[in-house]
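Colleague: Have a look; sequence and predicted model below, questions after that.
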Amino acid sequence: MLTAKDIIKEGHPTLRVVASDVSLPPSQEDSITLQKMMEYLQNSQNPDISQQYNLRPGVGLAAPQINVPKKMIAIHIRDESGTLHSYALFNPRIVSHSVEKSFLTSGEGCLSVDRDVPGLVPRYARVTVKATTLQGEEIKLRLKGLVAIVFQHEIDHLNGVMFYDHINQDNPFQPPEGAIPIER
Ligand SMILES: CC(C)(C)[C@H](NC(=O)Nc1cc(F)cc(F)c1)C(=O)N(CC(=O)NO)CC1CCCC1
Ligand SMILES: [Zn+2]
């Protein structure tokens, strides 16, 4: 199983590369890697397992964070209405997005960043994502709210982008024009 030591931290060069497309159908190695990423998130949200292995509770993980520069992400989060959004995806890409922006009112953190970085992170309020699932099917997701933010954070990792790259350096707490605040 993946544990905290498998997650690389800022400063590691792999966090700043553009990840490669996964050739489909996926190899057994890539499928196993993606399954282990999802298992990490589920373990990290399980009180017993996360305590036993000292896992930081994660809601999303991108393959570059475990030093695998490939376009694979896992997301496992219960949204504001209690709906579970659990996705293990190959080659996710944002195919369209709203003009309207949103942001997490608490700012963002990252499993690969062991420090608080103050400031608001502008995101698109709504995104349409296309990807291929572990089962090999092409899906199209229309996302908004917290889940849309998690997807954008993870897809950023596939392009070597960290959340703090988006923070307005002159005024970190200036909400983007007309943006929708998302409470944590
Ligand atoms: C870095 C950490 C703080 C552990 C963060 N968790 C998190 O934001 N949990 C959370 C947020 C909510 F809004 C509501 C809720 F129920 C739980 C996280 O897993 N990530 C994943 C990561 O680093 N992926 O690369 C960072 C998040 C910041 C915004 C999206 C993902
Ligand atoms: Zn992150």
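Modeller: Received it, and whenever you're ready, just let me know what you need. Numbering: from 1, shown residues only. Ligands and ions are numbered 1, 2, ... in the order given.
Colleague: Geometrically speaking, which residue is the centre of the chain?
Modeller: Residue closest to the average C-alpha location in the chain (Cα atoms, centre = their mean): residue 154, at 2.6 Å.
Colleague: How about the contacts made by it?
Modeller: 60-62, 73, 75, 92 (Cβ atoms under 8 Å, 6 or more residues apart in numbering). The way it works is simple: take the backbone N, C-alpha and C, and place the C-beta from them, glycine included.
Colleague: Let me see the ranges of the helices in this protein.
Modeller: 28-44, 47-52, 145-158 (DSSP state H).
Colleague: picking that back up, pick out the most distant pair among the contacts of residue 154.
Modeller: Farthest apart among the contacts of residue 154 by Cβ to Cβ are 61 and 92. That separation is 12.6 Å.
Colleague: Compare those two (neighbour count), which wins?
Modeller: residue 61 (27 against 22; other Cβ atoms under 10 Å).
Colleague: Is stretch 12-27 in proximity to ligand 1?
Modeller: No. Judged by Cβ under 6 Å from any ligand atom, stretch 12-27 makes no contact with ligand 1; its nearest approach is 9.7 Å.
Colleague: chain center to that stretch: distance?
Modeller: Centroid separation between stretch 12-27 and its chain, computed with Cα atoms, centre = their mean, to the nearest Å, is 14 Å.
Colleague: And the lengthiest strand in the chain, what does it pack against?
Modeller: With DSSP state E setting the assignment, residue counts place strand 84-97 as the longest strand in the chain. Under the contact criterion of 3 or more Cβ pairs under 8 Å, 6 or more residues apart in numbering; DSSP states H and E, strand 84-97 touches helix 28-44, strand 72-78, strand 126-133, strand 138-144, helix 145-158.
Colleague: Which among those is found nearest to ligand 1?
Modeller: Closest of the helices and strands packed on strand 84-97 to ligand 1 is helix 145-158, at 3.8 Å (criterion: Cβ to the nearest ligand atom).
Colleague: now that closest one: mean pLDDT?
Modeller: In this model, helix 145-158 has an average pLDDT of 98.
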